[in-house]
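Peer 1: sequence plus predicted model, see below.
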Amino acid sequence: MCAIKSSSGSRDDGRKARKSTQVRLKDIARDLGLSTVTISKVLRGHSDISDATRKRVLKRMREMHYQPNFAARALITGRTWTIGLVVPDLLHPFFAQVAKAISAGIRGHGYSLIITSSEEDPELEQEEIEQLLARRVDVMLIASAQWTVESFRLIEDRRTPYVLIDRRFVGLSANFVGVDDEAVGLLATNHLIEQGCRRIAHIRGPETSTAVGRLEGYKRSLGMHRESPLMENIVSIGLSGDDRGEPGGYTATRKLLASKPRPDGIFCFNDPIALGAMRAILDAGFRIPEDIAVVGCGNLSYSDFLRVPLTSIDQDSSAIGKHAAELALSLVNSKTLVRPRTELVTPQLIVRASSTRK
């Protein structure tokens, strides 16, 4: 009796053999009827490849389980195909959204994102930067907790391009992507004035460019309406406004409520601080916005679902991440040194119940 081998078994064996054999660029090129040069250009994010071809090649790579040999590519190209991102707080929704947009922006260009957090600690940030430099990332994106520019001099000495995100430094000529923070302060304070508030307080953030810009916008708005900012109406959250948000906002607002006369409007450095401020107001028996109107900044995803929905300034974190990714890729692909660029996103006022009096 003859043994008959089924054809389905042959197909299964073929698939297993194919999976066990490492797929090469020339295999994908032959499969798609393209040249290996074209496939290589797709991997390198070359600008002369059409979107249709890029998508077609990347789709086939996924289907064939192609795994690039990054060590070999680094030897040939001098690149590691990695981008480093340092943020002060991984849990803060703003930085999470920025990171998500950056990752989406570089994914189709063959790059991977390495994310690390400084926990708002300048020393830890410097250690993380040194770790990323040791990994030879091709470009670095940094939302910095530093008080000085020394860490950036180290990056410059290593000739690694970098982009500052959200926070910048006076006297440092560097690529920057962020929001116009003075415009944030203007928008928030002008809105409170338009709602009839006359004693407007500001809970400011730490000594970073974001806090300084928003404070300047607050003062400028009051000046435009012939009001003088009172020192007792400006309360600092302390050294770290991002990770102390709600508790810091609560404590700062309790101080403001004890002043005579108390404020009838509060502009908060960010939304977590605004949440703490609103809880302090309600705990003290006051109404929002009838007694005290509140405006935050960040437009967090849950702002519309609060007991009193929060009016906030939208920084468009996704646009910041998108611009940062585009700028990072342009720096990597540049053959010569380019002048630092600044990309400012225009903030937008999102009005909700916490400030609406009219």
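Peer 2: Okay, I see it. Numbers count the residues shown, from 1 in each chain.
Peer 1: so which elements touch the helix or strand containing Arg62?
Peer 2: With elements delineated by DSSP states H and E, Arg62 resides in helix 51-63, which encompasses its position. For helix 51-63, the contact count by 3 or more Cβ pairs under 8 Å, 6 or more residues apart in numbering; DSSP states H and E identifies helix 25-32, helix 36-43 as packing neighbours. For every residue, glycine as well, the C-beta is placed using N, CA and C.
Peer 1: so what secondary structure elements neighbour the first one?
Peer 2: I take that to be helix 25-32. helix 36-43, helix 51-63.
Peer 1: most packed of these?
Peer 2: Ranked by mean neighbour count, the helices and strands packed on helix 25-32 are led by helix 36-43 with a mean of 18 (mean count of other Cβ atoms under 10 Å).
Peer 1: now that helix: average pLDDT?
Peer 2: Across helix 36-43, pLDDT averages out at 84.
Peer 1: so what does that helix touch, helix or strand wise?
Peer 2: Counting contacts by 3+ Cβ pairs under 8 Å, 6+ apart, helix 36-43 is packed against helix 25-32, helix 51-63.
Peer 1: not counting it itself, show me its contacts.
Peer 2: Defining contact as Cβ atoms under 8 Å, 6 or more residues apart in numbering, one finds that helix 36-43 is touched by 25-26, 28-29, 32, 48-49, 53-54, 57-58, 68, 73, 110.
Peer 1: please redo it, this time with the cut-off set to 6 Å
Peer 2: 25-26, 28-29, 49, 54, 57, 110 (Cβ atoms under 6 Å, 6 or more residues apart in numbering).
Peer 1: using neighbour counts, pick out the buried residues of stretch 274-292.
Peer 2: Neighbour-count burial for stretch 274-292 flags 274-281, 288-289, 292 (criterion: 16 or more other Cβ atoms under 10 Å).
Peer 1: the helix holding Arg62 versus helix 25-32: what angle between them?
Peer 2: Taking axes from the mean of the first three to the mean of the last three Cα atoms, to 10 degrees, helix 51-63 and helix 25-32 form an angle of 120 degrees between their directions.
Peer 1: quick check: angle from helix 51-63 to helix 36-43?
Peer 2: Using the same axes, to 10 degrees, one finds that helix 51-63 and helix 36-43 are set 90 degrees apart in direction.
Peer 1: just to revisit the earlier point, tell me which of the helices and strands packed on helix 25-32 sits nearest to Ala188.
Peer 2: When the helices and strands packed on helix 25-32 are ranked by proximity to Ala188, the top entry is helix 51-63, at 39.7 Å, counting by Cβ to Cβ.
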